[in-house]
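1. Could you look at this predicted model? Sequence included:
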Amino acid sequence: MRALVTGAAGFIGSHLVEQLLADGAHVVGLDCFTDYYARALKDANLAAPRRHDRFTFVESRLQDADLDHLLRDTTHVFHLAAQAGVRKSWGVDFAVYTACNIEATQVLLEACTRTELSKVVYASSSSVYGDDGDMPMREDQRPQPVSPYGVSKLAAEHLCYLYWVAHRVPTVSLRYFTVYGPRQRPDMAFNRFLHAMLGGGTVTLYGTGEQTRDFTFVGDAVSATIAAADRGAPGNVYNIGGGARVSVNRVLELMAVCTGTRPRIERHPVPKGDMHDTYADKGFTVLGFPCDQFGGQEPGDDAEINAFCERNFGVTFPLFSKVEVNGEGAHPLYQWLRSEKGGLLGSKIKWNFTKYLLGKDGKVIGRYSPTTKPEKIAADIEKALAA
Ligand SMILES: NC(=O)c1ccc[n+]([C@@H]2O[C@H](COP(=O)([O-])OP(=O)(O)OC[C@H]3O[C@@H](n4cnc5c(N)ncnc54)[C@H](O)[C@@H]3O)[C@@H](O)[C@H]2O)c1
């Protein structure tokens, strides 16, 4: 496969690029680093692919790129570039949504008419459904988006269908349902909640928290996207959902367990455009594989919590009951405190349980309560390593 991935520096795009490279594909990634969130995060998303010799990166707006050149040897297009986010899509900002989501898609599809492609996979959204349809949401029910973002994603879906019917561009549209996992966009709920809890801040909650989402793990969304490139039927639309609904309150409960914090919650009215529930019907079955459901099983001990957090949130915490210093290089806890994430979360991090720091001789060097500053622990570890 020779793939063009638009939006390659984004949350889902960067995971897709990594999986395609792991599968042996040649990949051209395109992204213009829109300022919706920090470029540093997007650069970090691309760090691994950039070291790969089958990866080429093109920094450009889709509308300005030399697409005839980029598509010359391409077999598959994965079109993920878009202005995401429901809440910003009202008012003057809608112009950004029409440019990035509708115009950019049309420019790409026009270029696709001038070449032979095996498949063009478009990343649509569960936002196209709106609040008045059936549950679970079926691909054949009438989409009635309740946000300008949803309208822009639906317009691009229609363009994809149109270019299949009129020009035989083999497009497939995938309606992703709230994707979570490492590198999730900073404006999305999991990321916002977790950072608020770890940073000692306040969780902003819209509505009662009883609204539900069909959360979909990013690895599953990527597998479905690659499956669609292989066996999605041109002109079709598929739901890509985790297959279970979980309330936002349940998400908060799980995060409280993981972080050992009791979230301080500030309630706000539900913004216009937010859907109350999302719930996918059968998309995964159609593409032929199962997927994980978020929130079913509560993690138990520290190791399970760590594994849960790493997989679902892309964060690991040094939740060891005992921290041993063996003198062979810096301890993982120390490394973590010095890492970007530790630094980012700063001194406000709260510990789940009392921690012990044991020296080489097994004696306790320090005991740390939930309010001990990480700097103090880091200094103790440094001292113990030097001893
Ligand atoms: N994350 C989700 O839960 C979710 C749910 C439904 C649909 N989607 C869709 O999946 C796709 C990826 O979402 P994401 O969460 O990874 O978003 P993201 O913002 O992390 O990634 C999108 C990337 O596209 C780039 N981009 C935007 N407009 C561009 C343009 N005109 N030219 C070149 N690059 C451009 C941005 O710089 C960004 O890096 C989007 O199409 C989004 O609408 C995402």
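-> Received the coordinates, thanks. Nothing here was measured: the structure is a model prediction, and the numbers come from that model. Numbering: from 1, shown residues only.
2. And the pLDDT for the closest residue to residue 311 other than its chain neighbours?
-> Leaving aside its chain neighbours, residue 311 sits nearest to residue 181 (7.4 Å; criterion: C-beta to C-beta, 6 or more residues apart in numbering). C-beta coordinates here come from the backbone N, C-alpha and C atoms, glycine included. At residue 181, the model reports a pLDDT of 86.
3. How about the contacts made by residue 181?
-> Contacts for residue 181 (C-beta atoms under 8 Å, 6 or more residues apart in numbering) come out as 15, 217-219, 311-314.
4. Make JSON lines from those and add secondary structure, pLDDT and distance to the ligand to it.
-> Shown next, in JSON lines, are the contacts of residue 181 (DSSP: H, G, I helix; E, B strand; the rest coil; pLDDT from 0 to 100; distance: C-beta to the nearest ligand atom, whole Å):
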{"residue": "15", "secondary structure": "helix", "pLDDT": "96", "distance to the ligand": "8"}
{"residue": "217", "secondary structure": "strand", "pLDDT": "86", "distance to the ligand": "11"}
{"residue": "218", "secondary structure": "helix", "pLDDT": "89", "distance to the ligand": "8"}
{"residue": "219", "secondary structure": "helix", "pLDDT": "88", "distance to the ligand": "13"}
{"residue": "311", "secondary structure": "helix", "pLDDT": "78", "distance to the ligand": "16"}
{"residue": "312", "secondary structure": "helix", "pLDDT": "78", "distance to the ligand": "14"}
{"residue": "313", "secondary structure": "helix", "pLDDT": "76", "distance to the ligand": "14"}
{"residue": "314", "secondary structure": "coil", "pLDDT": "72", "distance to the ligand": "13"}
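5. how much space between residue 34 and the ligand?
-> Residue 34 sits 4 Å away from the ligand, going by C-beta to the nearest ligand atom, to the nearest Å.
6. I'd assumed that residue was in a strand, is it?
-> No - Residue 34: not assigned to a strand; according to DSSP: H, G, I helix; E, B strand; the rest coil it is coil.
7. check contacts around the residue positioned nearest the centre of the chain.
-> In the chain, the residue lying closest to the centroid (C-alpha atoms, centre = their mean) is residue 184, at 3.2 Å. Counting by C-beta under 8 Å, 6+ apart, residue 184 makes contact with 11, 190-191, 218, 313-314.
8. tell me the average confidence for whichever strand or helix holds residue 162?
-> Using DSSP states H and E, residue 162 sits in helix 148-167. The pLDDT scores in helix 148-167 average 98.
9. Okay, angle between whichever strand or helix holds residue 108 and helix 148-167 too, please.
-> Using DSSP H and E, residue 108 maps to helix 104-112. Orientation of helix 104-112 against helix 148-167 (axes from the mean of the first three to the mean of the last three C-alpha atoms, to 10 degrees) gives an angle of 20 degrees.
10. roughly how far out does helix 104-112 sit from the chain middle?
-> How far helix 104-112 lies from its chain's middle: 25 Å, per C-alpha atoms, centre = their mean, to the nearest Å.
11. And the contacts of that helix?
-> Applying C-beta under 8 Å, 6+ apart, the set of residues contacting helix 104-112 is 6, 61-63, 67-68, 71, 77, 79, 81-82, 120, 122, 156, 159-160, 163, 167, 169, 171.
12. do stretch 41-54 as well
-> With C-beta under 8 Å, 6+ apart, stretch 41-54 has contacts from 8-11, 13-14, 17-18, 21, 24-27, 29, 31, 33, 55, 57, 183, 186.
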